[in-house]
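I'd like to go over a predicted model; first the sequence, then the structure.
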Amino acid sequence: MTDFNNKNNELQFEPALANNFSAAEDSSIGNVYNPSNSRVPSNFDTDTFIKLNPVCPDPDAGYQTLSDYLANELSERTILYLSNLCTARHVSLDKKYWKRYTQRILETEAADKALVISSPAGSGKSTWMLSFLLALMDVMKEHPELDRSLVGVVVVLQKVEDLNALADRLNKDCTSEQPAMVSLQGWTDSGWRRGLCCNPSVDNYEACLRQQCPYAEKCPILRFPEAAKTAPIVGMTQERFYQLREQGLDSVLYRQCPDGQEHPRRYILFDEKFQMASVTAVSADTINEASSAFSALIQKLDLPDQRVCGLQQRLDRTVRRLFQQLRYELRRDTDDGSEDILVGVLSLTEDMKREYGDYLQFRDFMAQRGKRYLNCPLADILLVLDHLFQGGQCLFTKTEGFTIYYIQPPRIQFGNSLSIIFDATAQVDEDYQPVQQLSTLLNDAPERTKRSVELTRYNHDAFNVSKSAMNSAWKLPLLVQKISKIISSTNENDKVFVCTYKDYSAVLAKELKAVMPPDEYQKILLMADRGEDTLPYFNGVNGSNAFQEATHVILVGYPRLPLSAYLALACAAYGMSAIETELETCLSQKDKVTQNDLWQLPSVQKYMAHHLAARMEQDIYRCAQRRPDFQGEIHVHLFYPPRFACQLLIKRLPGVTLIDENQEPANLLQLKRRYRSYQGGTTSYGRLETFLSEWDGEEISVIQLREQLGISAAVWKDLMKDNDIKTLMKRYGVVPVGRGANRKWTQARDLCA
């Protein structure tokens, strides 16, 4: 830190006091530090002096700490806004916690280390961010001379809806010409609902014509990038941040201040952890998407078919051919011929590098003269090929199709701005491994009402709810029965958060509704604004407060990533060499490496366990666990949870009591038999059990029943000897009446009643 920022210079007490003494006087040391009243003017006010003479950081000298006065002013106003918002929203937050963190942020002396704040869900992060930005705007309005020193803030949120809501609040008292905040975005539903799109014929992103639109001159969306240059606060989604991170991030990190100069914004706030390592993947799907985007130009830019066909041919000749050549050559010879190498590191051969001239011509046309042709998939392709043609290496996988990954080193610092990352699960997240030296983890927790968590694990493998296991026909009925039983044991006013995969969110809700009493089914919290009942699903409820009334959490599945994604992320976290070493060890022990072997790689296992523990914690915190004033008990139910991930999770939940249920479900064999298929159809056992489960007890002849179910006399005879069938008949109260062709089934009266 320079002398300009020295605390004594900052307060400037010594010169001020020295001016009140005569150099000829024989003053003692004691008088200097504790002068008599006669030595100091009676109207000397230290606070007033500091307010009139705040020492401001110079943005041209890089990141510098704020003066004590300015830091205190922002801190006090932030906490005042926080208190007022808590009162208005009827919530209780730990204000001492947020005051401590506010001061820690404002007193940071350098931007060389990002601040990672592991505030738990429900601690008031969003409320603090709004309070902090409101306080910053107040100070900049009241003290225009400080504008050049504070400069502004970049805010990165997950959802554009949240960005627009924040912009609405901050721009409440601003003119449209001088907004306090600009929310960078393309065409979105959120922006369309706010009237940002002026074209009545456009109702989706693909239909937006950008500069070719007849309303382009007065389109707010197209003016946002220009307005962002001067706005104190610029907001963007994580997706937009990733796009700009590769090139163009300086356009938002620097602000053109009223003095006409561009200065670095003081802070960049991330409301959630972002993907710190830039991982760009190129597969056959990426190339197809780029080609399809060219086809869309026929209508969007009114291009002739011939021109678009020419673009697609150049893409095939320059990119697709090279991609296919790489895929073919990444094989190894075996005794039986050759086989794919499932994972490894690739670089271009010398023969491939000779194609650089053609590639460069194609790249320059697309990236420079043909900017309007440069779609997002094509930009990813060019980024990866640039790296390879420059002699770089990339990870490749063939586990879910041939994919090339370009992994750039993790970054958490950008320009001269201080990065502030809010991440509730930072302590368990392996993505911070390569950036530990570049970050400061703040992990003390706010005061919260003590609560207990009862976590039940259903450990029998019948409750395996992986995506592949969910394909079993009997799995969904088994889960419906178990979930129904769990919910039936809850209290009358309890609410339940059932989270599953997106593909099963509507199906499982429908099945539960069909078998549960209406008053029990109403305990389940559903997704809002859906055409049909839909359960919450993984990746669909991130950051949501809509389920915080739930006291019971049931996770039906785990948000595992594909194997190729875990391989790439493990490389980003632990280094490419870690994967290479583990692969070499694996190959030294066996002739062939399978996908199961790759799942068992130590780095993949470790990364996956930490990833799933963090995700499970985030989903559990959608419930009342996120409410700081909640005093009850939380009940969490996990079906066959991943062992190592569950061990990490248990350590993260305060007041947890663990319950293990290991027994086999009572009707498992019957369910498996009922839903077993034969030649693409349901078995005779399954058809009979389905009939019994839906039977109203009305008398029916055996012959009629056999014909109805399509069961031959011989198969029926064998079924009647089956002990499982006898058990089913007893359970459903079947009473056979008569003999031979006159035999009928009726139901016991007590069951009918």
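Now that the structure is in, tell me what you want to look at. Numbering: from 1, shown residues only.

give me the number of residues near Glu549?
16 (other C-beta atoms under 10 Å). (C-beta placed from N, C-alpha, C; glycine too.)

tell me which strands and helices the longest helix seen in the chain is in contact with?
Using DSSP state H, we find that the single longest helix of the chain is helix 68-89. The contact analysis (3 or more C-beta pairs under 8 Å, 6 or more residues apart in numbering; DSSP states H and E) places helix 68-89 against helix 7-11, helix 46-52, helix 95-106, helix 125-142.

Format those as JSON lines; extra columns: mean neighbour count and distance to Arg327.
JSON lines is the format used below for the helices and strands packed on helix 68-89 (neighbours: other C-beta atoms under 10 Å; distance: least, C-beta to C-beta, whole Å):
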{"stretch": "helix 7-11", "mean neighbour count": "14", "distance to Arg327": "62"}
{"stretch": "helix 46-52", "mean neighbour count": "12", "distance to Arg327": "67"}
{"stretch": "helix 95-106", "mean neighbour count": "18", "distance to Arg327": "49"}
{"stretch": "helix 125-142", "mean neighbour count": "19", "distance to Arg327": "45"}
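
want to throw those helices into a markdown table with distance to Cys309 and mean pLDDT?
Compiled in a markdown table, those are given as follows (distance: least, C-beta to C-beta, whole Å; pLDDT from 0 to 100):
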| stretch | distance to Cys309 | mean pLDDT |
| --- | --- | --- |
| helix 7-11 | 67 | 33 |
| helix 46-52 | 69 | 52 |
| helix 95-106 | 55 | 95 |
| helix 125-142 | 49 | 94 |
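
who wins for proximity to Val435 among the ones you listed?
Proximity to Val435 (C-beta to C-beta) singles out helix 95-106 among the helices and strands packed on helix 68-89, at 18.7 Å.

Pull up the pairing partners for the helix or strand following that closest one, direction included.
Under the assignment DSSP states H and E, the closest C-terminal helix or strand after helix 95-106 is strand 114-117. The strands beside strand 114-117 in its sheet (DSSP bridges) come out as strand 418-422 (parallel), strand 439-442 (parallel).

Which residues does the last one contact?
Contact partners of strand 439-442, identified using C-beta atoms under 8 Å, 6 or more residues apart in numbering, comprise 101, 104, 113-118, 412, 421, 426-427, 432.

for the nearest residue to Asn171 once chain neighbours are set aside, phi and psi?
With sequence-adjacent residues excluded and distances taken as C-beta to C-beta, 6 or more residues apart in numbering, Asn171 is closest to Pro179, at 4.8 Å. Torsion angles at Pro179 (phi, psi; degrees, to the nearest 10) stand at phi -70, psi 150.

ditto for the one 3 residues further on
The phi and psi values for Val182, taken as degrees, to the nearest 10, are phi -120, psi 130.

Run through the bridge partners of it.
Here Val182, judged by DSSP bridges, has bridge partners Val234.

What segments of the stretch 151-300 of the chain are strands?
All strands of the stretch 151-300 of the chain, identified by DSSP state E, counting those that start in this stretch, fall at 153-157, 181-183, 233-237, 254-256, 262-264, 267-270, 279-283.

Now do Leu476, the pLDDT please.
Note on Leu476: pLDDT of 94.

Equivalent analysis for Thr2, please.
38.

quick one on the thing from earlier: run a quick neighbour tally on the residue nearest to Asn171.
As a burial measure, Pro179 scores 19 neighbours (other C-beta under 10 Å).

do Ala207 as well
For Ala207, the neighbour count with other C-beta under 10 Å is 15.

just checking, it touches Cys197?
No. Counting by C-beta atoms under 8 Å, Cys197 is not a contact partner of Ala207; they are 9.7 Å apart.

Show me the domain layout of this structure.
Segmentation of the chain into domains, based on automatic domain parsing, reads 3-52, 66-275+413-442, 279-407, 452-566+570-661, 678-752.

Figure out which of the ones you listed is closest to Pro59.
domain 66-275+413-442 (3.8 Å).

Let's test this: mean pLDDT of stretch 381-398, rounded?
Averaged across stretch 381-398, the pLDDT comes to 95.

Residues contacting that stretch, please?
For stretch 381-398, the surrounding residues in contact (C-beta under 8 Å, 6+ apart) are 246, 280, 282, 286-287, 290, 319, 322, 326-327, 330, 340-348, 353, 356, 359, 363, 366-367, 402-407, 563-564, 567-568, 571, 576, 579.

With stretch 263-272 instead?
59-60, 63, 105, 125-126, 129, 148, 150-158, 162, 234, 238, 252-255, 257, 414-423, 542-543.

Okay then, goodbye and thanks.
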